[in-house]
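Enquirer: The following block contains a protein sequence and its predicted model.
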Amino acid sequence: MAEKTDKTEDTAKPLSKTAIYQELANRTNLERKNVATLIEALEELIKEQLTDDGPGVFTLGDLLKVKMVKKPAHKAAKKENPFRPGEMMEVKARPASTEIKVVVLKGLKDLEA
């Protein structure tokens, strides 16, 4: 019988929420409670910026940009079927919607190799 190789030993596990707070507390010389409060305030700020009243965009340093993208409504219609040329297909109506997109900026793109 072949030996099983455990790949989990080779790869690092992602940090838990508690571990992230503790690591940030160690690196910034702040108490873990203060780091938790800071993260909660950051969450609230992002939510405020991504509302209809806000600008709809939030940039976190040179790491990432979070933006709100509004998709318009579409009426039901008939259009040509791309898989069967000459045949028409019915496209269902779709209501307007809002999506949240996260864009990676230069600070994180430099990590790609």
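Expert: Perfect, I can see it now. Keep in mind that what you see is a predicted model, and the values were worked out from it rather than measured. Numbering: from 1, shown residues only.
Enquirer: domain assignment for this protein?
Expert: 13-49, 52-113 (automatic domain parsing).
Enquirer: Can you give the distance from the helix or strand harbouring residue 45 to the centre of its chain?
Expert: Using DSSP states H and E, residue 45 sits in helix 32-49. In terms of Cα atoms, centre = their mean, to the nearest Å, the centre of helix 32-49 is found 17 Å from the chain centre.
Enquirer: Can you lay out the domains of the chain as a markdown table showing mean neighbour count and mean pLDDT?
Expert: The C-beta positions use only the backbone N, C-alpha and C, and glycine is treated the same way. Converted to a markdown table, the domains of the chain look like this (neighbours: other Cβ atoms under 10 Å; pLDDT from 0 to 100):
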| stretch | mean neighbour count | mean pLDDT |
| --- | --- | --- |
| domain 13-49 | 12 | 94 |
| domain 52-113 | 11 | 91 |
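Enquirer: Now do the same contact list for residue 54.
Expert: Taking Cβ atoms under 8 Å, 6 or more residues apart in numbering, we find residue 54 in contact with residue 48.
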